[in-house]
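S.K.: A structural model of the following input is requested.
(4 chains)
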There are 2 protein chains.
Amino acid sequence: MPENTKLIKHHGTKEKILKESFILFSEHGYTGTSVRKIASKVGIRESALYNHFKNKEEIFLEVAKDIFSSPFSFENENIHELALKGKMFLHKYTMQYKLLTFDKNNESMFRILLIELLQNKELREQFMNEFHNKNIKLLSEGFFVMMQNSLIRSSDPMTMSYEFLSTLFYIRLQITLMRFDSLSTTHLSTQFEKHVDFFWESIKI
Amino acid sequence: MPENTKLIKHHGTKEKILKESFILFSEHGYTGTSVRKIASKVGIRESALYNHFKNKEEIFLEVAKDIFSSPFSFENENIHELALKGKMFLHKYTMQYKLLTFDKNNESMFRILLIELLQNKELREQFMNEFHNKNIKLLSEGFFVMMQNSLIRSSDPMTMSYEFLSTLFYIRLQITLMRFDSLSTTHLSTQFEKHVDFFWESIKI
DNA sequence: GTCTATATTTGGATAGAC
DNA sequence: GTCTATCCAAATATAGAC
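M.R.: Numbers count the residues shown, from 1 in each chain, chains lettered A, B, ... in the order given. Coordinates of the predicted model:
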């Protein structure tokens, strides 16, 4: 089993660098994180770091690559079938969104995204594509099916998706900010369910 | 008119420093903006800069102070009376929000806010207070009045405000990002009106 | 692969002449 | 109030020994 060896490999230095960088970037952003601090956290000298990465930017790019690699949502499931369940679809979708909001890893990614949103054009584009367009497309499909089956009132599916998604994003943003200051989010976290309830009341026939 | 003299004063160095800093901060954030660059833009040496401000942070604080000083919304108007007009209230409110979104000055402030949101605790708190709480409170009053007068369906005014505001914020965020890349926002800007239409359909009786 | 040592650049800030 | 000159610290990065 020589193949496995590489995977199980007791966390190599390179992996540790990525891990610590990820944490630091998510707390202080790119410019706010120095190579010094990374090396220090890893437990090696700065010079040793350059054995694994060409430079600081290369570290960031490798970290950033993962941000959108963990795909959200029901890619493998049958949207059409799910959408027929009406409110259940919105609820399930929202619960996945909520899960990601509170997932430690995903939370850090979201923070990096927020911090670098205006500094990094690539992240900005990925935000638009992965965070926005992809979700809008999926939701639109769902709403379209619901309309066809007279489960909800007739309207533009895109606009409806936009309305639905924007609130999810806003809740997530607020929760992320609160958690960054270690404030309680119990009250805010129920907002997800409230959103589904309110929205369903707004569109159901 | 000795009082006026100070106000009209042909833009002194201090004012120019604040102006250029404001622009630079809104493009590159706090750490991304060096004292060197500020001085260069102003057209003086760095040392001369310290004649007007104690240090870089003091410049930023003075710039940041203005971010929330320009109050949004109908502070002097009668919410009760406006709310009685139902959809008209939401429309007017949204148009003010839209105006700020496209106002150059306000746009820069919004960008600074975004960039520093996770780096600066004070800005974070101000965001929650001025951008969120204040708006939620005002909208809640409006929705409450509408409910009392049976213009809209009964629901929790706070939740309803949250739903309404979150979409406004999301539209603004997207527009700000697009404009940062000099992309066209004509399509997105109509989203404001669509939002009002959709939302009113969702709550009207 | 990691270390010490060092080069180089950039950034924030001060001293003192004019 | 602005300039020149300078200092100091921090940050990225490289060279070469082990």
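S.K.: which SSE is the nearest residue to A:Ser166 once chain neighbours are set aside in?
M.R.: Once flanking residues are discounted, A:Ser166 sits nearest to B:Tyr170: 3.4 Å by C-beta to C-beta, 6 or more residues apart in numbering or on different chains. Every C-beta, even on glycine, is put in place using the N, C-alpha and C of the backbone. Assigned by DSSP states H and E, B:Tyr170 belongs to helix B:157-180.
S.K.: following whichever helix or strand A:Gln126 is part of, which helix or strand shows up next?
M.R.: Element membership for A:Gln126, per DSSP H and E: helix A:121-126. Using DSSP H and E, the next helix or strand after helix A:121-126 towards the C-terminus is helix A:134-148.
S.K.: so how far is that next one off the chain centroid?
M.R.: Relative to its parent chain, helix A:134-148 has a centroid offset of 20 Å by C-alpha atoms, centre = their mean, to the nearest Å.
S.K.: got it, and stretch A:67-84?
M.R.: 14 Å.
S.K.: Any idea how far apart the tips of it sit?
M.R.: Taking C-alpha to C-alpha, to the nearest Å, stretch A:67-84 runs 32 Å from one end to the other.
S.K.: For chain A, what lies in contact range of chain B?
M.R.: A:28-29, A:31-32, A:111, A:114-115, A:117-119, A:121, A:124, A:127-128, A:132, A:153, A:155-156, A:159-160, A:162-163, A:165-167, A:169-171, A:174, A:177, A:180-181, A:191, A:194-195, A:198-199, A:201-203 (C-beta under 8 Å from any C-beta of the partner chain).
S.K.: Try it again at 7 Å.
M.R.: A:29, A:31-32, A:111, A:114-115, A:117-119, A:121, A:124, A:155, A:159, A:162-163, A:166-167, A:169-170, A:177, A:180-181, A:191, A:194-195, A:198, A:202 (C-beta under 7 Å from any C-beta of the partner chain).
S.K.: Type out the ChimeraX command that picks the buried ones from the residues you listed.
M.R.: Remark: buried members of the residues of chain A next to chain B, expressed as a ChimeraX selection using 16 or more other C-beta atoms under 10 Å in any protein chain shown:
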select /A:29,31,32,111,114,115,117,118,119,124,155,159,162,163,166,167,169,170,177,180,191,194,195,198,202
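S.K.: Give the helix, strand or coil label for A:Ser155.
M.R.: coil (DSSP: H, G, I helix; E, B strand; the rest coil).
S.K.: care to break chain A down by domain?
M.R.: Chain A resolves into domains spanning A:7-66, A:68-203 when parsed by automatic domain parsing.
S.K.: Just give the number of residues close to the closest residue to A:Lys16 other than its chain neighbours.
M.R.: Using C-beta to C-beta, 6+ apart and skipping the chain neighbours, the partner closest in space to A:Lys16 is A:Val42 (5.1 Å). A:Val42: 21 surrounding residues under other C-beta atoms under 10 Å in any protein chain shown.
S.K.: ok, now A:Asn78?
M.R.: 9.
S.K.: how close does it get to A:Lys85?
M.R.: If you measure A:Asn78 against A:Lys85 using C-beta to C-beta, to the nearest Å, the figure is 11 Å.
S.K.: likewise A:Gln126?
M.R.: Taken as C-beta to C-beta, the span from A:Gln126 to A:Lys85 is 31 Å.
S.K.: Find the nearest non-adjacent residue to A:Gly32, please.
M.R.: B:Thr31 (6.0 Å).
S.K.: cool, and A:Arg111?
M.R.: A:Ser26 (4.5 Å).
S.K.: Could you report the neighbour count for the one you found?
M.R.: 23.
S.K.: Which helix or which strand is home to it?
M.R.: Secondary structure (DSSP H and E) places A:Ser26 in helix A:13-28.
S.K.: between that helix and helix A:157-180, how many degrees?
M.R.: Per axes from the mean of the first three to the mean of the last three C-alpha atoms, to 10 degrees, the angle that helix A:13-28 makes with helix A:157-180 is 100 degrees.
S.K.: C-terminal to helix A:13-28, what's the next element?
M.R.: According to DSSP H and E, the helix or strand after helix A:13-28 is helix A:35-42.
S.K.: Please list the residues outside the helix or strand just after that following helix that contact it.
M.R.: Counting by DSSP H and E, the next helix or strand C-terminal to helix A:35-42 is helix A:46-49. By C-beta atoms under 7 Å, 6 or more residues apart in numbering or on different chains, the residues outside helix A:46-49 that reach it are A:Ile17, A:Val35, A:Arg36, A:Ile38, A:Ala39.
S.K.: near DNA strand C, which of those residues show up?
M.R.: Near DNA strand C, judged by C-beta under 7 Å from any atom of the strand, there are no entries from the contacts of helix A:46-49.
S.K.: from those, which would you call buried?
M.R.: A:Ile17, A:Val35, A:Ile38, A:Ala39.
S.K.: Output the below-cut-off pLDDT ranges for chain A.
M.R.: A:1-10, A:70-73, A:76 (pLDDT under 70).
S.K.: Counting neighbours, what do you get for A:Arg45?
M.R.: 11.
S.K.: quick one: contacts for it?
M.R.: A:Ala39.
S.K.: Need the phi and psi values for it.
M.R.: phi -80, psi 160 (degrees, to the nearest 10).
S.K.: so how far is chain B from it?
M.R.: Distance check for A:Arg45 against chain B: by C-beta to the nearest C-beta, to the nearest Å, it reads 24 Å.
S.K.: From A:Glu62, how far off is that residue?
M.R.: Distance of A:Arg45 to A:Glu62, computed by C-beta to C-beta: 20 Å.
S.K.: picking up where we left off before, filter the buried ones among the contacts of helix A:46-49 to keep only those in contact with DNA strand D.
M.R.: Residues of the buried ones among the contacts of helix A:46-49 in contact with DNA strand D (C-beta under 7 Å from any atom of the strand): A:Val35.
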